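Enquirer: what follows is a predicted structure for the sequence shown.
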Protein chains: 2
Amino acid sequence: MKITSLTDTISLKRQLEGGNEEQLKTVRGVLQDVRENGDAALRKYSEMWDGILLDDFRVTQNEIDNAVLNFDPQLKQDLEEAAANIRYYHEAQKRDGYKLPIDNGSWLGQRIIPLDAVGLYVPGGLAAYPSSVLMNVIPAQVTGVERIVITSPAGKNGKLPDAVLVAASILGVREIYKVGGAQAIAALAYGTETIAPVDKITGPGNIFVALAKREVFGEVAIDMIAGPSEIAVLADETAYADEIAADLLSQAEHDELACAVLITTSERLAQDVALEVERQLSTLPKEAIARKSIENFGQIYVAKDLEQAIQAVNSLAPEHLEVVTANAEEDSLKIRHAGAIFIGRYSSEPVGDYFAGTNHVLPTNSTARFASGLNVDDFIKRTNVVYYTEKTWEESAPKIARLARMEGLEGHARAVESRGWTKGDK
Amino acid sequence: MKITSLTDTISLKRQLEGGNEEQLKTVRGVLQDVRENGDAALRKYSEMWDGILLDDFRVTQNEIDNAVLNFDPQLKQDLEEAAANIRYYHEAQKRDGYKLPIDNGSWLGQRIIPLDAVGLYVPGGLAAYPSSVLMNVIPAQVTGVERIVITSPAGKNGKLPDAVLVAASILGVREIYKVGGAQAIAALAYGTETIAPVDKITGPGNIFVALAKREVFGEVAIDMIAGPSEIAVLADETAYADEIAADLLSQAEHDELACAVLITTSERLAQDVALEVERQLSTLPKEAIARKSIENFGQIYVAKDLEQAIQAVNSLAPEHLEVVTANAEEDSLKIRHAGAIFIGRYSSEPVGDYFAGTNHVLPTNSTARFASGLNVDDFIKRTNVVYYTEKTWEESAPKIARLARMEGLEGHARAVESRGWTKGDK
């Protein structure tokens, strides 16, 4: 890993692949086809791209039960414990609306209402990601969303991975479809004969899925379009180089475009971590990916003091931040911009990916400056409520009419005044 | 206004103008120019499009003071009272993060952090919109955003409208720029020599502003892209036709694409409102606009019962909903999808546009199914925090490592296990 002295301007931002014209054209074609031809289009694309012919997209209860039976009971228990932790963390985010009295018996309110229906896209491919099921479904369940749908491309055997079905089963999600790609996003947004549309689509996916989500945005809500993983570690001389190196590599192994950065006040630690990263890389199963990530985006910065280091972290606004310093909790309070913060030696970042309870869907590419990780508020909306009594109306109407006329909106003024046109006689 | 029997499928959705290729090309050119040439580009476009040559974009304290001196004291007092009401309503939305204990001295937290800097775009044109200043600035101030910037195109006299400066002055906003159009959005997103960049841009604007906001989205956050105004009224035989008609027209006068809809269980009210709308239209200053809106998008639906009417409102998911029925509050509780609800005869919709305290920036075009009006949460972000003690790590590490290996992420497993590699010896 490269080691440099910290200057004032460092950035995590990468020019990320936004999809080319050809891909966008394909996606738009798929969206239109599914909107017009429903299930028939889903079947066509499943055969064309996933190489499977499906009569029925819906996963049966039998398939779910079999997945649970086949599954390692120890892993199932681990998933259950993770689910309980995630639920515990997100329950604390729930909140009620309010009803504020104003004068004369009038009141203003805010109602919090869960979305009716949400869809989670779970990517297919070589690995299964049950953790993604837990992280996306649980916040929706905590808010009271009634209908939660999962869709994911089937493998060559026409099935979804056991791990995904087991995670869904643990959460009680039973509406699961074997549809992947842009066609799955289209089905969730527009609906087909089999799949009723949803109000919000979450979950990661390949470039076609990401483009499809961007295209249907507005028709339905979407979560963020997640970029490659990022980790920044803020460490002083009290940190252990082998642990920091292992944590940096845990994110580097995700993606060649992943970004792992150490910012430290210790020249010695910088040197040791660079050596450790090299040593550990050589035995990592995903060495090729991680090495590319480290070579292209990995960086060790030596700061002249902690203050400069903290300032640098804030300018990065990383997705994940570990603070491994002598006064880690105190130092962490000076961080204004990070998706998630892991405090102290024992809070290794993967703890949050799987188990601790915090959400692992987090803002990337410096958007932590203004964006938050997935949370319970992503699955509710707020409705403003106004209740005016006659007395409040009487006192306010002249003021409101003046303000409306100042903005040239006579119709607004007349509407408010209309209650007095034939007052008492109606 | 057309009167029809209510069928099951009604919709407010209109195919809205998304801007053409030519406009998008222009906007992209402006954005790049401002990114590269900063203030010089701002000057160029101000001269080209607004016809004014400015040395300095920043509004001086002297200009603000003069605006206040020139301003009608009664209107200033009305604005101050509106500001106090808006602040009162939004204060109730503030909330703290949390710190949840888990076993062994470990904890999970959520920190709520206000954005560093936000920019509000205020449109120019023939009218001034001080209410827009109040509605956008106050929620940001309530959260504790430190830097709030306003930008708006200057008139031919090289000045901003007094009303806008007075509203800003009441709120204590002092960083105000005379820049409009796509170039203003570029300045807020990328920064120039004079204008430091912000983290989020809010506020309405013409098609060039809307396109520019879409383009910079990701680089910075934006609020929703607001569509033309909408009002739905749910009324029974207890409502007064002249009042309902006036309220429908208050939104129709905004825009030829605005949408005003009455859903009623009373055939008589339907007839009376249709007549009243025609009668009131004839004396409305903005008759031409309102008439187009009513002709193209106005509609009166007669429902067979209240249940069918409520179901129809939920399928519309209107921006504004008035409930004017015998049991208005009770009936309003059955509404799941609306940006704002106005309960009872005296809660005329413009009450919320100016004065009651609720926000008037609301989701349009049926997006109230999943979106909320502007609120305090739009100006904060949440950071997840994990603190694990050695004991919690020890108990969790094997479980986390198993879950990571199940997903094929050996590096994650090793990171968590790394704390034990030479345990006790370090």
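Expert: Looks like it arrived, so ask away.
Enquirer: and the nearest residue to residue A:132 once chain neighbours are set aside, how far from residue B:5?
Expert: By the measure of CB to CB, 6 or more residues apart in numbering or on different chains, the closest residue to residue A:132 outside its immediate chain neighbours is residue A:122, 5.8 Å from it. (Glycine included, C-beta is placed from N, CA and C.) Applying CB to CB, to the nearest Å, one obtains 44 Å for the distance of residue A:122 from residue B:5.
Enquirer: who has more neighbours out of these two?
Expert: Between residue A:122 and residue B:5, residue A:122 has the larger neighbour count (other CB atoms under 10 Å in any protein chain shown), namely 26 against 10.
Enquirer: residue contacts, that one?
Expert: If you count contacts by CB atoms under 8 Å, 6 or more residues apart in numbering or on different chains, residue A:122 has them with A:129, A:132-133, A:150-152, A:164, A:203.
Enquirer: tell me which element residue A:272 falls in.
Expert: Element membership for residue A:272, per DSSP states H and E: helix A:267-281.
Enquirer: got the buried residues for that helix?
Expert: Judged by neighbour count (16 or more other CB atoms under 10 Å in any protein chain shown), helix A:267-281 contains these buried residues: A:269-270, A:272-274, A:276-277, A:280-281.
Enquirer: same thing with stretch A:287-298?
Expert: Of the residues in stretch A:287-298, A:287, A:289-294, A:297-298 count as buried by neighbour count, 16+ other CB under 10 Å.
Enquirer: that stretch near chain B at all?
Expert: Yes: Stretch A:287-298 lies in contact with chain B when judged by CB under 8 Å from any CB of the partner chain; the contacting residues are residue A:290.
Enquirer: any idea how far that stretch is from the middle of the chain?
Expert: For stretch A:287-298, the separation from the chain centroid amounts to 24 Å (computed by CA atoms, centre = their mean, to the nearest Å).
Enquirer: kindly export it (C-alpha atoms) in CSV.
Expert: Extracted in CSV, the C-alpha atoms of stretch A:287-298 (Å, rounded to 0.1, in the frame of the first residue of the first chain):
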residue,chain,number,x,y,z
GLU,A,287,-6.5,-12.0,-3.6
ALA,A,288,-6.9,-10.9,-7.2
ILE,A,289,-9.8,-8.6,-6.5
ALA,A,290,-8.4,-7.3,-3.2
ARG,A,291,-5.0,-6.6,-4.7
LYS,A,292,-6.5,-4.6,-7.6
SER,A,293,-8.5,-2.6,-5.1
ILE,A,294,-5.5,-1.9,-2.8
GLU,A,295,-3.3,-1.0,-5.8
ASN,A,296,-5.8,1.4,-7.3
PHE,A,297,-7.6,2.9,-4.4
GLY,A,298,-5.8,1.8,-1.3
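Enquirer: coming back round to it: which members of the contacts of residue A:122 are the farthest-apart pair?
Expert: Farthest-apart pair in the contacts of residue A:122 is A:129 and A:151; separation 13.6 Å (CB to CB).
Enquirer: returning to that earlier point: who are the packing partners of the helix holding residue A:272?
Expert: Packing contacts for helix A:267-281, counted by 3 or more CB pairs under 8 Å, 6 or more residues apart in numbering or on different chains; DSSP states H and E, involve strand A:3-5, helix A:241-252, strand A:259-264, helix A:287-297, strand A:299-302.
Enquirer: can you rerun that using 10 Å?
Expert: strand A:3-5, strand A:230-235, helix A:241-252, strand A:259-264, helix A:287-297, strand A:299-302, helix B:410-417 (3 or more CB pairs under 10 Å, 6 or more residues apart in numbering or on different chains; DSSP states H and E).
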